[in-house]
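S.K.: Please find the sequence and the predicted model below.
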Amino acid sequence: MSPDPRGPDTTPPPTTAPPPTQSPGPTPSPRSATLARLLIRLYPRAFRDAHGQEMEHLFRVRLGRSTGPVSRMGVWVRLVADTIENAWVLRRRARHQSRQRGEEGAMNTLIHDTRQALRHLLRAPAFGVAAVALLAVGLGANITVFTLVDAMLFRPLPWDDPDRVVMVYQDSDDGEPNSSSFPAYRDMADSDVFAEVSAMSPAFAAITWESPEGPLDLAAEYATASYLDAVGLAPLRGRWFAPEHDRVGSEPVAVISEAAWRKVMGNDPDVVGRVIRLNGQSVRIIGVGPREISGSYPPRTTDLWLSISSTPLSGPFRVSNLDRRSDHWYDVRARLAENTTVEQAQAAMDALAARLAENFPEFNRGRDITVFRSSDVRIHPGEDGSLFLIGGLLLSVVVVVLLLTCANLANLLLVRGLGRSGEMAIRRALGASRLRVARLFLLESMILAVAGGVAGLALARWAVGMIPSLPIPVPGWDHVELLFDTRVVLFAGGLVVVTGVLFGLAPAVRSAGADVAGSLRDERRGSSMGGATRRLRDALVVVQVAASLVLVLGTGLLARSLSALQSLDPGLDADRVAWVRADLGRAGLEADELRIAVDEMIENVESMPGVTGAAVTTRLPAQGGGSTTTVVEDYTPPTGTDAVELAFAVVSAEYFRTLGVPVVAGRTFGPDDSPDGPASIMVNEAAARRFWGGAQQALGRRTRSQGGSAWRTVVGVVGDSPVSTLSESTRPIMYFFSGQRAPSSFYVVTRTDGDPSALLSPVREGLAALRSSVNITGQGTLAGWLGEGLAAPRFAAGMMGAFSLLALLLAGLGIYAVVAFSVARRTAELGIRIALGAGRDRVTRMVVREVVGTVGLGVLAGLVLARLAATRLDGLLFGVNSTDPLTFLGAAAFLVTVGVVAAWVPARRAARTDPVEAMRGV
Amino acid sequence: MAPDPSALPLRPAVLHILLALSTGDLHGLGIADAAEAVSEGTVELGPGTLYRSLSEMSDAGLVQMVAAPGPEADPRRKYYRITPSGQAVLADEVARLERLVGAVRSRNVRPETA
């Protein structure tokens, strides 16, 4: 074949070459496209710029033409081989050319310096490993806490156009924005400032699903039909509730959350339409919830959303509160109507509040309605405060730890930098710029930071998985969902950069700024710590001591609070008491039948061998539970409203005797309190004192439910015992009588002479034998239950303690390093002193004394900082003041001791040196 | 330094590129397809080999980049044209190969399947 030149505008014959516009075949997957781009990145930059796009095109065509996985594999193998061969040749050639031209691009210098920094680090691997380990702990703790705090406070809500979504809250009895009553929600829904108005409410108690594998407790939220429209989301499968589901009486239906569908229902493809038994009643699942949300109160998740028509699952009380203006159980989320501002919506709600106050003065006088932008509310205005407290506290603790780590590493790098000051001076003398020298140090710290960051991410990933099982005092904590995603990795990346600069900057600036001639001179003399470096290192020690002191003090306060809680007199005798939680809800009993059933159960358990007392209650001591808006006779609440929010429990006659709670005035419940007679109540001393001035004065006084007309009379007063939490024993509570108001779900408590846990299974079996419809949903001993109440403070103190220990270790190490380095430099001087007759003890003391000043400064700074920070702990402390002088003194003394010990060890070693040996170096 | 692509014997990739361009202007994919067609599927120019050779050949003046040849051509692609010196190199190589084949034949060595 001979050459056959053609003109520029002729097209090639299709026999030998296909036309250039030929279709490249099917487009390969995005993953192959990424891989192709990665392969192309192996070529030198100039080549890539010239041919990269064309090569990518060719990759795509080749892959597109392959048919089937085997041929595809073959294509890949050839493409990879081709890339390796040519990229290697081209790269080698490019490097050769640039070297010949004597050019060193900025990138090449950087690579060169990085390689040098790496080599330097690898020369002392122990230092590198220690630094990376320290950074991994510091960064890992920060990443973990960020993941948590981000989920609690910052992660944006996945709603459509969230700026148009508002949260509407009625005031609580205390005059603070809080949840709304269901009738008030209906009034809000009538307003034309909103396009959609929805209400939701957690089911509070778990809903029991009679699954094929046995009973299973599910977390549930009630929600109205308008919920998804209000937040602009759509169900993944099936549909959401329809308006007819918004009233009790129509069919009870549920929407299962996407996560529960996966985990609990095993991705059942026929889940929509499935009828399941919940709390003994049939409920039809009509849809799977949106993928974007896993609950209405993130990071808490829910398994089910229940329609308002499913409310009977949670009992008759919950049904009746749908019509009561006194019960505020619902959170309203609404979407603003077109062209309506938040201010206009607020004005409309002000008008509604005024109208409600006029129409229903008893419930709504002085009760405002507030419209919040969705970005201003996290979970609920009443809960956001404690979230921010816990989140802020956690963040500050880990930031302090990271700061300490940085200070320590900066110190260690300074020491290493001193050893290299000669090398750096030579570099400078040979023409390296200050910037280049500083960069060498910064690169070293960056490499350490990146390695620490990667290890920290791995550590955090593990720790984040543990979080839901930690005893954090937030309701629904076991249902939190934490995402470990790009957001977290981006945060980690940013943190790594900041950290690397933070601990690398001081040594970098120090070495770059060093005076060349002076350093070279010093290098020869073997002494190289200038005054500036010395001051810098002292400052770092001050920072470390101060930060450690803050953490030690926090630990001290939390530990004292814990011990105060442990030694607290609970006002009851918790030993030898067992409890079994029973539920008669699915039996569908009328009130009278329920009362008889409950009485039968008590009698049955009482007659068991070893049982010395038996009773029922709807809430155990130190357990959160229901409260109700109550009008108290002869008492005007300071808030100016007519009523108070009062905690309550329903108990049987022998409850107080069984738990060892003394009756201090009047009598306990008994036969006089007949089911049809006037209602009797008992109160604790705290209530009697608060409302009527004392136990005796309380007898015969009355309370009624807000909006109700039936008064109930106080027949007895009992001693105080923990109501909602262990640390809250003086909270008022009122007790109803199970003989007048039988509960369907309750705890059976029993006292015994022997081991209470031995009672658990006979009681359980006895109850089941008595009523086959009873559902046993929990059991334990009272002592164990109260011990669980200490889990949260114990965890807080433990966590703080662990971080303080780490901080102390770091600070001690820092002090040790400073002293060790300083005495090593002064060996000759110390030798002369010893030779001249100074005792070894005296020399040791002299060295230690020099450090004590620095430590003392750190302690002072730490005390000031701690005084400012400790007030943040106030909400978590019990029985100890956040300014407790004893704890402050103790923490300060402790740190001074640690400082002295850390200094004494190297000082002692220095004083032991043989003066002749020491002076030989002079 | 890059090896001279015009040195004889030509590298197979260089020979195939010159051969493909000898019938008209083509872009990279067109060259690869033509080489595959001419060799009855035995030569598959990988992207690296193809563009590395093209860049070396362009440096050596054997090919040059040109505008898209016509309205039906893909304007996003880069087109290459063989230069007179490229044609000369191709001619030399073909002559060399012809001599080689002639020499083989004169010694009565034939492939078994011929």
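M.R.: Structure's in. What do you need?

S.K.: which helix of chain B spans the most residues?
M.R.: helix B:84-106 (DSSP state H).

S.K.: List the buried residues of that one.
M.R.: Applying a neighbour-count criterion of 16 or more other Cβ atoms under 10 Å in any protein chain shown, one finds B:86-87, B:89-90, B:93-94 buried in helix B:84-106. All C-beta spots, glycine's among them, are computed from the backbone N, C-alpha and C.

S.K.: now swap in stretch B:70-82 and tell me
M.R.: B:73-74, B:77-82.

S.K.: rewinding a little: contacting chain A as well, which ones from the buried residues of helix B:84-106?
M.R.: Applying Cβ under 8 Å from any Cβ of the partner chain to those, one finds that B:87, B:90, B:94 fall near chain A.

S.K.: what would the residues you listed look like in CSV with pLDDT and distance to A:Val723?
M.R.: As requested, these are exported to CSV (pLDDT from 0 to 100; distance: Cβ to Cβ, whole Å):
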residue, pLDDT, distance to A:Val723
B:Gln87, 91, 100
B:Leu90, 91, 98
B:Val94, 90, 102
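
S.K.: Does the nearest residue to A:Gly626 once chain neighbours are set aside belong to a helix, a strand or coil?
M.R.: Nearest residue to A:Gly626, sequence neighbours excluded (Cβ to Cβ, 6 or more residues apart in numbering or on different chains): A:Phe648, at 6.1 Å. Secondary structure for A:Phe648, judged by DSSP: H, G, I helix; E, B strand; the rest coil, is strand.

S.K.: count of residues packed around A:Phe648?
M.R.: Counted with other Cβ atoms under 10 Å in any protein chain shown, the neighbours of A:Phe648 add up to 21.

S.K.: What of A:Ile447?
M.R.: 20.

S.K.: helix/strand/coil for it?
M.R.: Classified using three-state DSSP, A:Ile447 is helix.

S.K.: Same check on A:Ala36?
M.R.: Criterion first, three-state DSSP; result for A:Ala36: helix.

S.K.: In terms of pLDDT, where does A:Pro12 sit?
M.R.: Per-residue confidence at A:Pro12 stands at 42 (pLDDT).

S.K.: I'd say A:Leu830 and A:Val843 touch.
M.R.: Yes. Counting by Cβ atoms under 8 Å, A:Leu830 does reach A:Val843; the two are 5.7 Å apart.

S.K.: Which residue, other than its chain neighbours, is closest to A:Gln170?
M.R.: Distance criterion Cβ to Cβ, 6+ apart; nearest residue to A:Gln170, sequence neighbours excluded, is A:Ser180 at 4.1 Å.

S.K.: typo on my end, it should be A:Gln116
M.R.: Per Cβ to Cβ, 6+ apart, closest to A:Gln116 is A:Leu440, 6.8 Å.

S.K.: What of A:Gly858?
M.R.: A:Val545 is the one closest to A:Gly858 (Cβ to Cβ, 6+ apart), at 2.6 Å.

S.K.: if we can go back for a sec, check contacts around the residue nearest to A:Gln170.
M.R.: A:168-170, A:188, A:199, A:328, A:330-332, A:369 (Cβ atoms under 8 Å, 6 or more residues apart in numbering or on different chains).

S.K.: likewise A:His51?
M.R.: By Cβ under 8 Å, 6+ apart, the contact set of A:His51 is A:43, B:28, B:51, B:54-55.

S.K.: what does B:Leu45 give?
M.R.: Applying Cβ under 8 Å, 6+ apart, the residues contacting B:Leu45 are B:13, B:16-17, B:31-32, B:35-36, B:53.

S.K.: Can you turn the buried part of the residues you listed into a ChimeraX selection?
M.R.: To isolate the buried ones among these in ChimeraX, judged by 16+ other Cβ under 10 Å, type:
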select /B:13,16,17,31,32,35,36,53
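
S.K.: Closest one of the contacts of B:Leu45 to A:Ala903?
M.R.: B:Ser53 (70.7 Å; Cβ to Cβ).

S.K.: Going by secondary structure, that closest one is in what exactly?
M.R.: helix B:47-59 (DSSP states H and E).

S.K.: Where does the prediction get shaky in the stretch 651-800 of chain A?
M.R.: A:728-729 (pLDDT under 70).

S.K.: For chain B, what's the nearest residue on it?
M.R.: In the stretch 651-800 of chain A, the residue that lies nearest chain B is A:Met799 (55.7 Å; Cβ to the nearest Cβ).

S.K.: Ramachandran coordinates for that residue?
M.R.: phi -60, psi -50 (degrees, to the nearest 10).

S.K.: neighbours around the residue nearest to it when sequence neighbours are not counted, how many?
M.R.: Excluding its sequence neighbours, the residue lying closest to A:Met799 (Cβ to Cβ, 6+ apart) is A:Val397, at 7.9 Å. Other residues near A:Val397 come to 22 when the count uses other Cβ under 10 Å.

S.K.: List the contacts of A:Val397.
M.R.: Counting by Cβ under 8 Å, 6+ apart, the residues that A:Val397 touches are A:145, A:551, A:554, A:799-800, A:803.

S.K.: May I see the buried residues of the helix or strand hosting it?
M.R.: Using DSSP H and E, A:Val397 sits within helix A:381-419. By neighbour count with 16+ other Cβ under 10 Å, helix A:381-419 contains the buried residues A:381, A:384, A:387, A:390-391, A:393-398, A:400-418.

S.K.: thinking again about what came up before, surely the residue nearest to A:Gln116 is in contact with A:Arg115?
M.R.: No. The criterion here is Cβ under 8 Å, and A:Leu440 misses it with A:Arg115 at 11.1 Å.

S.K.: The two: who's more crowded?
M.R.: A:Leu440 (22 against 11).

S.K.: Checking that one next. Helix, strand or coil?
M.R.: helix.

S.K.: before we move on, the earlier item: look up how far chain B lies from the residue nearest to A:Gln170.
M.R.: 61 Å (Cβ to the nearest Cβ, to the nearest Å).

S.K.: related to what we said a few turns ago, ok, of the contacts of A:His51, which come out buried?
M.R.: A:43, B:28, B:51, B:54-55.

S.K.: From those residues, pick the one nearest A:Val823.
M.R.: A:Tyr43 (56.4 Å).

S.K.: I figured the closest one hits A:Leu90, correct?
M.R.: Yes. Using Cβ under 8 Å, A:Tyr43 is in contact with A:Leu90, at 5.9 Å.

S.K.: hang on, the earlier thing: next, format the contacts of B:Leu45 as TSV and append distance to chain A, pLDDT and secondary structure.
M.R.: Converted to TSV, the contacts of B:Leu45 look like this (distance: Cβ to the nearest Cβ, whole Å; pLDDT from 0 to 100; DSSP: H, G, I helix; E, B strand; the rest coil):
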residue	distance to chain A	pLDDT	secondary structure
B:Ala13	10	88	helix
B:His16	11	91	helix
B:Ile17	12	92	helix
B:Ile31	8	90	helix
B:Ala32	7	90	helix
B:Ala35	9	88	helix
B:Glu36	10	87	helix
B:Ser53	9	90	helix
